[in-house]
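Student: Give me a model of this one.
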Amino acid sequence: MKTVLGLYKLDLLKMRVGLFVLATLIIGGVALWVLRTPVSPLSPLSPVTIAVPTQINSALAIIATSQGLFQKADVNVISKPFLLGKDALKSVIDGQADLALVADTALMFSLHNGNKLDIVASISQGRRSLAIVTRNDRGINTLQDLRGKSVAVTMGTNFTYFIDMILQVQGVPSSEINFVDLNTADTLTEFKAGRIDAAVVFQPYLAQLETELGNQIQVFYGDDVYAFRFMLVGKPLYIERHPEEIKRVLRALVAAEKLVRDHPATARKAVGNAINIDDALMAKLFNPEDYAISLDQAMLLAFDDQTRWAMRRGIIARGPIPNYLENVKYQYLEAILPSAVKVVR
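Tutor: Now for the predicted structure:
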């Protein structure tokens with residue numbers, strides 16, 4: 001004879017079994033739905049527009065484009081050419097490009113003008129990318145002879161810092177030079193026409209002047225005074241929101257550096273073709289050691305030196321030297337090539 005308690009236990013058992021079966025059916029149905037439902041692919045990475053000056057210092061970006069290294073790194077890079085780094089940087093500030101290659105001096109000026117910009121890598125350090133060119137028919141045999149002469153310089157660039165440092169080493173006050181602010185095209189025109197005595201010129205235009213004018217000119221490099229650094233920079237918000245794109249761009253640039261080391265002739269020809277310099281001349285200009293991805297302490301010290309110089313010259317307001325380390329986003333390069341990050345932090 002079944003008791004009330006026994007019937008209650010039997011009903012409870014049946015209910016638990018029913019709930020278990022129901023749960024099993026629900027879980028199984030969900031699993032079947034998940035398996036049958038197509039998985040949406042991950043959103044593709046955004047294309048990256050990089051503003052690239054058509055200069056020898058942009059070699060790694062030029063090589064990464066011409067040799068398909070960006071594609072191999074699975075990043076769609078649109079290369080946007082500019083003559084000068086400061087113009088490339090302006091395209092980032094104006095929202096026309098995501099990243100830019102620019103020299104350190106132009107970047108320093110931009111930061112002091114209130115623009116928010118960060119550095120993800122230095123890509124080159126050329127010591128013969130920039131020079132002072134003088135006309136022999138003006139009685140300029142040494143840099144001491146520049147006193148009282150007219151010298152074309154593109155203001156707002158690293159040209160001004162470069163020539164000031166060289167003149168300082170030579171003991172020639174900048175106040176004794178008649179500086180003329182000209183863009184690149186006008187500098188070349190005025191110099192060749194003899195309407196200015198000297199000019200600060202960068203590659204490839206320096207090489208072109210040497211080819212065209214030969215023994216009519218002298219070229220003064222600042223090998224031991226100045227390293228022409230090019231850096232990859234962007235707005236902080238863009239860099240923060242596109243970490244994978246940044247890392248893939250860096251991966252391609254590191255691959256370009258390796259190609260420069262392993263196949264310098266191939267790399268040299270790719271750059272020469274892009275900036276319109278024949279290979280015989282490129283062989284004299286292209287030094288593989290100039291092209292390396294890095295973030296080092298020398299870069300930060302150079303920023304400090306250039307800031308002090310700009311303050312002394314009255315180009316920027318006097319004040320404390322900024323902590324430029326705050327503008328260095330080293331974690332992206334550190335994720336790709338840890339040995340290249342040598343900033344003290």
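
Student: mind showing which ranges of the chain have poor pLDDT?
Tutor: In the predicted model of the chain, residues 1-44 satisfy pLDDT under 70.

Student: what packs against the lengthiest strand in it?
Tutor: When the chain is parsed with DSSP state E, its longest strand is strand 118-126. Strand 118-126 is packed against helix 59-66, strand 228-234, helix 236-241, helix 243-262, strand 295-296, helix 330-336, with contacts defined by 3 or more Cβ pairs under 8 Å, 6 or more residues apart in numbering; DSSP states H and E. Bear in mind the C-beta positions are built from the backbone N, C-alpha and C, glycine included.

Student: Compare these and report which one is nearest to residue 289.
Tutor: helix 243-262 (9.1 Å; Cβ to Cβ).

Student: List the contacts of that closest one.
Tutor: With Cβ atoms under 8 Å, 6 or more residues apart in numbering as the contact definition, helix 243-262 has outside contacts at 45-46, 48, 50, 59-61, 63-64, 67, 69-70, 72-75, 77, 98-99, 120-121, 123, 232, 234, 239, 266-267, 288, 291-293, 332-333, 335-337, 340.

Student: again, 7 Å this time
Tutor: Helix 243-262 is contacted by residues 45-46, 48, 60-61, 63-64, 67, 69-70, 72-75, 77, 120-121, 123, 239, 266-267, 288, 291-293, 332-333, 335-337 when judged by Cβ atoms under 7 Å, 6 or more residues apart in numbering.

Student: What's the PyMOL line that selects buried ones from those?
Tutor: Below is the selection syntax for PyMOL that covers the buried ones among the contacts of helix 243-262, with 16 or more other Cβ atoms under 10 Å defining burial:
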select buried, resi 48+60+61+63+64+67+69+70+73+75+77+120+121+123+239+267+288+291+292+293+332+333+336+337
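
Student: now residue 212: how far from residue 57?
Tutor: In this structure, residue 212 and residue 57 are 22 Å apart, going by Cβ to Cβ, to the nearest Å.

Student: If you count surrounding residues, which of those two has more?
Tutor: In terms of neighbours (other Cβ atoms under 10 Å), residue 57 is the more surrounded of residue 212 and residue 57; the figures are 27 against 11.

Student: what separates the more buried one from residue 68, distance-wise?
Tutor: Here the criterion is Cβ to Cβ. By it, residue 57 lies 22 Å from residue 68.

Student: Kindly report the same for residue 46.
Tutor: 19 Å.

Student: now swap in residue 169 and tell me
Tutor: Distance, residue 169 to residue 68, by Cβ to Cβ: 43 Å.
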